[in-house]
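Asker: Build me a model:
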Amino acid sequence: MCCVMAAEERESWARRYGIAVGTVLLATGASMLLRPLVGSADSPLFAAAVVVAAWRAGIGPALAATMMSVVPLDLVMVATRESFSVESSVGRLAVFVFVSLFVGTATAARRRSEGEGML
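Answerer: Have a look, this model is predicted:
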């Protein structure tokens, strides 16, 4: 029985973090497609990825989605295509991380409270 439980926990862990990876990949692809149309390197799609990860999978995957989003935001969207330059966009990335952590934490807390029947 304990081995079955461990397999279920692994599956749950993989599904939850898979949601985080999938939402960030979708946000990256959509941002790359939309960039020529909007002409900017804003991060609303990545913030949405964090919200979806928090809502569907919890705080751990939301934090993972936040950290995973920093690389495509800097490498693909903000910085020049030739280099990974965190220095060029530290302020923008810091704001993104702060907002994502706040929204992810709030969304996960709401999810937990709904699961406990508090709302």
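
Asker: these two touch, right, Ala20 and Met67?
Answerer: No: the pair Ala20 / Met67 is not scored as a contact, 9.4 Å apart, by C-beta atoms under 8 Å. Heads up, the C-betas are built off the backbone N, CA and C, glycines and all.

Asker: where does Val50 land on pLDDT?
Answerer: Note on Val50: pLDDT of 90.

Asker: what number of residues lie near it?
Answerer: Per other C-beta atoms under 10 Å, the neighbour tally for Val50 reads 33.

Asker: so it is in which element?
Answerer: Element membership for Val50 (DSSP states H and E) is helix 44-57.

Asker: Where does pLDDT dip in the chain?
Answerer: 1-11, 39-42, 76-89, 116-119 (pLDDT under 70).

Asker: out of all of them, which helix in it is the longest?
Answerer: Ordering each helix of the chain by length in residues (DSSP state H) puts helix 2-38 first.

Asker: helices or strands up against it?
Answerer: helix 44-57, helix 59-72 (3 or more C-beta pairs under 8 Å, 6 or more residues apart in numbering; DSSP states H and E).

Asker: List of residues touching the last one?
Answerer: In other words, helix 59-72. Applying C-beta atoms under 8 Å, 6 or more residues apart in numbering, the contact partners of helix 59-72 are 16-17, 19-21, 23-24, 27-28, 31, 43, 46, 49-51, 53-54, 84, 93, 96-97, 100-101, 104-105, 107-108.
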